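Undergrad: what follows is a predicted structure for the sequence shown.
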Amino acid sequence: MKILIAEDDYVSRKFLYKFLSTFGECDVTVDGMEAVEVFLSALESGHYYDLVCLDIMMPEVDGIKALKTIRLLEEERQLTPEKRCKVIMTTALNDPDGIFKTYELGSEAYAVKPIDTVKLVEVMTKLGLIEE
């Protein structure tokens, strides 16, 4: 599995990288702008991401804008649903309105920090990214 992690907080970034590396190859970015650039580069090379973890609150471009752009890039390339990445939003805030908005924009799940690894595995299993 190919994974993109977009997280501006160093500790959260390290944690997600260490945990998710057990499931696949991880690329890490520190803001939404860099995440979109890396995602676009992967699309152009034909090496699609299976999973993208986006922090909602990041400098430059936040996770919501990055999500919109990622879905637009997939749409422009007419990717089939099977080829589109699964997106898990991460947030330090328990903001139901913000979380609902991410679902409307195309995220499949969210995780409130600190990340519960058991729940994250459950979500990745439900999304068909890993097997139990």
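TA: Yes, it's here.

Undergrad: just how off-centre is the least confident helix or strand in the chain by mean pLDDT within its chain?
TA: The helix or strand of the chain with the poorest confidence is helix 96-104; it has a mean of 84 (mean pLDDT, DSSP states H and E). Relative to its parent chain, helix 96-104 has a centroid offset of 15 Å by CA atoms, centre = their mean, to the nearest Å.

Undergrad: so what strands line up beside the following helix or strand past it?
TA: Using DSSP states H and E, the helix or strand that follows helix 96-104 towards the C-terminus is strand 109-112. Note on strand 109-112: by DSSP bridges, its sheet partners are strand 86-91 (parallel).

Undergrad: related to what we said a few turns ago, can you name every helix or strand that the least confident helix or strand of the chain contacts?
TA: The criterion is 3 or more CB pairs under 8 Å, 6 or more residues apart in numbering; DSSP states H and E, and the helices and strands that helix 96-104 contacts are helix 63-76, strand 86-91. For the C-beta atoms, the positions are set from N, CA and C on the backbone; glycine is no exception.

Undergrad: check which residues of the longest one are buried.
TA: Applying a neighbour-count criterion of 16 or more other CB atoms under 10 Å, one finds Gly63, Ile64, Lys65, Ala66, Leu67, Lys68, Thr69, Ile70, Arg71, Glu74 buried in helix 63-76.

Undergrad: repeat that for stretch 23-32.
TA: In stretch 23-32, residues buried by neighbour count (16+ other CB under 10 Å) are Phe23, Cys26, Asp27, Val28, Thr29, Val30, Asp31, Gly32.

Undergrad: next one: stretch 77-87
TA: Neighbour counts using 16+ other CB under 10 Å place Arg84, Cys85, Lys86, Val87 of stretch 77-87 among the buried residues.
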